[in-house]
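In: missing the sequence, but the structure's below:
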């Protein structure tokens, strides 16, 4: 089973839920892996403190033009929709940061003047946090190929394990890359107007992608009851509530796991895992 | 014209609440919400929409089921796993190809290589953008459709339009209008599109190990683009030790330290009341926000 933990709004407690859930499942004897797909700002390692066994470089293919072979036909510049390869007269310029690696330029080049060159976009760390498998992507500063890196992280999913995917915030292409093909999405929100607005956007996204989902309410007790009312009206199930507890904020601030520092919450994460069919 | 962009690295640190508060403190600011895939600033500023425009960031491929011969050439050349063999049959074949619009990145390679010209390639509507009036001045904002691409392009468009409005002069009496931009979390494409060329980036962080880690990465990003950067710590009293470390680290890196703001339930209560903290509470937290604003506007006077 692949379970994605997502949220429209950032900072609602996605990583808190994902890491604690993963740890509880692994501790219960279920073969489990945690995959940090929030590759722009990965934080799972802060809480799980994994032993890293392996680091691999992630690259994408970008064009490299051999000026000696180029016949100046301009077809590469015409097919590129991203202005990543531009022909000025007979000169061809490439802008690697804009490239989507669609392959159009090297496929249309009649002179075989375009080679594929690897461009480093980030790295993936793999290891173990006790019995829990750990995988985390980290985007290189100044690079924009977030979805490509996320897809590379997800290639580490092992079909014989429960996979818990920590998804980046938002509702655009990185989120799509992270939740595509998962079995279930848990949307973490907080009961505030911002939380609700972004939850509605996230629900629109998972519905568009036809994925089953449920809601987790974090910091229950702050804000107002409009999130609860919205979920009731929409027939959306709320599978867990985590109260607004200053101790949780403090534990989190120090990089500790709730299930370690505040064991009274362990049962709640166990119940959540059972409800989601993860245990 | 000066432009301040507020970002956070980590989400949920209070960036939008602060931008709303700054909007109420600024004189003659034009506001831009560049957090286009989870825009929230409008919930406080209640914009009165004056103009609505469609946003197209690129094209999408669409296969005509009447022309497709099911040869699979499109699937062979597509690098985005966007081609599915699940379309209806026609006179020639029992199954045709279709394009998954969510996976399609609009590269047009399939269009080029289709042997029977069965693939249309038309502008996609990825979202809408708006020019509005608020109680604190004009605002440019947007809504990106669910599962859409091109958030960076939409961000660039929003900033360009906001600059145009600021350039037209908000108040005839003020010769230096301010552009105040709410950015998005992360360090990727929409963030880069939000900050390039700005006069100042303010990073709103929180005193957690995650907040500190994400601040480090976002500060590397602003250094990479050579943009003056200030830092403030919201909810500082959750962990005074981490706050102290963030402040010392920021000063070491030559960043402007703009101040500390209390962890105060009044901030959420203000949000529920659709008000800024400045309008809602004349308390210590509001005073701290005023102080952060004066530090960054004073700093801005020293930039060219």
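Out: Yes, it's here. Everything quoted here is computed from the prediction, not taken from an experiment.
In: all helices for the stretch 51-200 of chain A, in order.
Out: Ranges of helices within the stretch 51-200 of chain A are A:75-79, A:104-108, A:146-154, A:173-179, A:193-208, based on DSSP state H, counting those that start in this stretch.
In: Distance from the next helix-or-strand element following the last one to the middle of the chain?
Out: Next along the chain after helix A:193-208, taking DSSP states H and E as the criterion, comes strand A:213-220. Put simply, strand A:213-220 sits 18 Å off its chain's centre (Cα atoms, centre = their mean, to the nearest Å).
In: Output the contacting helices and strands for the helix or strand following strand A:213-220.
Out: Remark: after strand A:213-220, the chain's next helix or strand is helix A:226-234, criterion DSSP H and E. The contact analysis (3 or more Cβ pairs under 8 Å, 6 or more residues apart in numbering or on different chains; DSSP states H and E) places helix A:226-234 against helix A:193-208, strand A:213-220. Heads up, the C-betas are built off the backbone N, CA and C, glycines and all.
In: Number of residues surrounding residue 231?
Out: With no chain named, the answer covers chain A. Residue neighbour count, defined by other Cβ atoms under 10 Å in any protein chain shown, stands at 19 for residue A:231.
In: I was after chain B.
Out: 23.
In: and the residue in the stretch 51-200 of chain A positioned nearest to chain B, how many residues sit next to it?
Out: Closest to chain B within the stretch 51-200 of chain A is residue A:102: 3.4 Å, counting by Cβ to the nearest Cβ. Residue A:102 has 24 neighbouring residues, counting by other Cβ under 10 Å.
In: With residue B:251 instead?
Out: 12.
In: how about the residues of the stretch 1-150 of chain A that lie near chain B?
Out: Proximity of the stretch 1-150 of chain A to chain B (Cβ under 8 Å from any Cβ of the partner chain) is limited to residues A:8-12, A:15, A:40-41, A:43, A:46, A:79, A:81-82, A:100-104, A:107-108, A:139, A:141-144, A:146.
In: Among these, which lie within strands?
Out: Mapping the residues of the stretch 1-150 of chain A next to chain B onto strands (DSSP state E) picks out residue A:139.
In: Of the residues of the stretch 1-150 of chain A next to chain B, which qualify as buried by neighbour count?
Out: When the residues of the stretch 1-150 of chain A next to chain B are checked for burial by 16 or more other Cβ atoms under 10 Å in any protein chain shown, the buried set is A:8-12, A:15, A:40-41, A:43, A:46, A:79, A:81-82, A:100-104, A:108, A:139, A:141, A:143-144, A:146.
In: Identify the residue nearest residue A:89 in space, chain neighbours excluded?
Out: Nearest non-adjacent residue to residue A:89, counting by Cβ to Cβ, 6 or more residues apart in numbering or on different chains: residue A:72, 7.4 Å away.
In: do residue B:101 as well
Out: residue B:60 (5.8 Å).
In: mind checking the SS state of that neighbour?
Out: Put simply, residue B:60 is strand when judged by DSSP: H, G, I helix; E, B strand; the rest coil.
In: Spit out the contact partners of it.
Out: The contact partners of residue B:60, taken as Cβ atoms under 8 Å, 6 or more residues apart in numbering or on different chains, are B:99, B:101, B:104, B:106, B:121-122, B:124.
In: change it to 7 Å
Out: Neighbour list for residue B:60: B:101, B:104, B:106, B:122, B:124 [criterion: Cβ atoms under 7 Å, 6 or more residues apart in numbering or on different chains].
In: mind checking pLDDT for the second one?
Out: Yep, that's residue B:104 we're talking about. Residue B:104 is assigned 94 on the pLDDT scale.
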